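Student: Fold the stuff below for me.
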Amino acid sequence: MAKLTLELDDVTMAKLLKVAEESGYSSVEEFLKFLIEEAISAYDVNVDEKEVEEIKERLRKLGYVE
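Tutor: I've put the predicted structure just below:
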């Protein structure tokens, strides 16, 4: 599983934490995963395992994932 680091300003983080808690999510990470999955489900995108590995390698080289 890829890991992503995201920097947010304090106000946005506080709002995110509050909305996640009020929505019943156990963590901000769980809430963000839900939001991202919902957003990308609107697109008809399919990737095979080879494409996944190529994308992960590109993101690693760019420093976006560890």
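Student: quick one: low-confidence parts of the chain?
Tutor: 1 (pLDDT under 70).
Student: what ranges do the helices span in it?
Tutor: Secondary structure of the chain (DSSP state H): helices located at 10-22, 28-41, 49-62.
Student: Is it possible to get those helices out as JSON lines so that each row also shows distance to Lys3?
Tutor: For glycine as for every other residue, the C-beta is placed from the backbone atoms N, C-alpha and C. As requested, the helices of the chain are exported to JSON lines (distance: least, C-beta to C-beta, whole Å):
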{"stretch": "helix 10-22", "distance to Lys3": "18"}
{"stretch": "helix 28-41", "distance to Lys3": "10"}
{"stretch": "helix 49-62", "distance to Lys3": "10"}
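Student: would you turn those helices into a markdown table with mean neighbour count?
Tutor: Listed next are the helices of the chain as a markdown table, based on neighbours: other C-beta atoms under 10 Å:
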| stretch | mean neighbour count |
| --- | --- |
| helix 10-22 | 12 |
| helix 28-41 | 12 |
| helix 49-62 | 11 |
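Student: Which phi and psi values does Lys3 adopt?
Tutor: Main-chain torsions, Lys3, degrees, to the nearest 10: phi -120, psi 140.
Student: Ignoring the adjacent residues along the chain, who's closest to it?
Tutor: Excluding its sequence neighbours, the residue lying closest to Lys3 (C-beta to C-beta, 6 or more residues apart in numbering) is Glu66, at 5.2 Å.
Student: who's in contact with the residue nearest to Ser23 when sequence neighbours are not counted?
Tutor: Nearest in space to Ser23, with sequence neighbours left out and distances taken as C-beta to C-beta, 6+ apart, is Phe31 at 6.5 Å. When the contact criterion is C-beta atoms under 8 Å, 6 or more residues apart in numbering, the partners of Phe31 are Leu16, Val19, Ala20, Ser23, Tyr25.
Student: nearest to Ile55, of those residues?
Tutor: Nearest to Ile55, judged by C-beta to C-beta, of the contacts of Phe31 is Leu16 at 25.6 Å.
Student: How much space separates the closest one from Glu57?
Tutor: 30 Å (C-beta to C-beta, to the nearest Å).
Student: same thing with Ala42?
Tutor: 26 Å.
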